[in-house]
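In: The following block contains a protein sequence and its predicted model.
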Amino acid sequence: MNNKQIETIRHFNRKYTQQLGILQKNVFNSEISWAEARILMDVGYMKNPTPMKIAINLDLDKSYVSRVINKLNNLKYIEKKDTKKDKRTKLLYLTNTGKQVVEQLNINSDKQIQLIIDNLSNEEQESFYQSINTLNQLLEKGGINHVEN
């Protein structure tokens, strides 16, 4: 790719990041950051989540993930339980409060996307969707390995 093409991709990244509000300190005016929300959501989405699996899946530093998990545990959003095989490994579970937070994050995220596309015609919305779908497929093909969900 040439420099102009790369700059176009970078411009899209900056614009979409801004549209989603990812640079704001907290997600949807909650008490957690975007990164913390993503970790919380992974606890809910992954099969048998552990701090290590989450760190690998999100390509984050293990000690950072550990600190976030402790914060989410202190907020009563997640529970940590010992595994039968290895007492050093903790399985993570959403608490009822954590499930409610994840549900609200999903509702707010859906509303946010709807607001982004509301001013588009039906054809433009379909084009937007198809473009995102294509991007997802190409990114999957790009070779970044993550833990199976």
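Out: Nice, I can see it. Numbers count the residues shown, from 1 in each chain.

In: How about the contacts made by the residue at minimal distance from the centre of the chain?
Out: Centroid check for the chain by C-alpha atoms, centre = their mean gives Arg38 as the closest residue, at 3.5 Å. Arg38 makes contact with Leu58, according to C-beta atoms under 8 Å, 6 or more residues apart in numbering. (C-beta placed from N, C-alpha, C; glycine too.)

In: For Leu75, see how far away it is.
Out: For Arg38, the distance to Leu75 equals 15 Å [C-beta to C-beta, to the nearest Å].

In: again with Lys81
Out: Applying C-beta to C-beta, the value for Lys81 to Leu75 is 17 Å.

In: Please apply the same query to Thr95.
Out: Thr95 is 9 Å from Leu75, where distance means C-beta to C-beta.

In: Could you verify that Leu92 is part of a strand?
Out: Yes - checked against DSSP: H, G, I helix; E, B strand; the rest coil, Leu92 lies within a strand.

In: What is the end-to-end distance of stretch 77-92?
Out: One end of stretch 77-92 to the other measures 10 Å (C-alpha to C-alpha, to the nearest Å).

In: What lies in contact with that stretch?
Out: With C-beta under 8 Å, 6+ apart as the test, stretch 77-92 has contacts from 40, 43, 48-52, 54, 69, 72-73, 93-95, 97-98, 101.

In: Could you pull out the buried residues of that stretch?
Out: Tyr77, Ile78, Thr89, Lys90, Leu91, Leu92 (16 or more other C-beta atoms under 10 Å).
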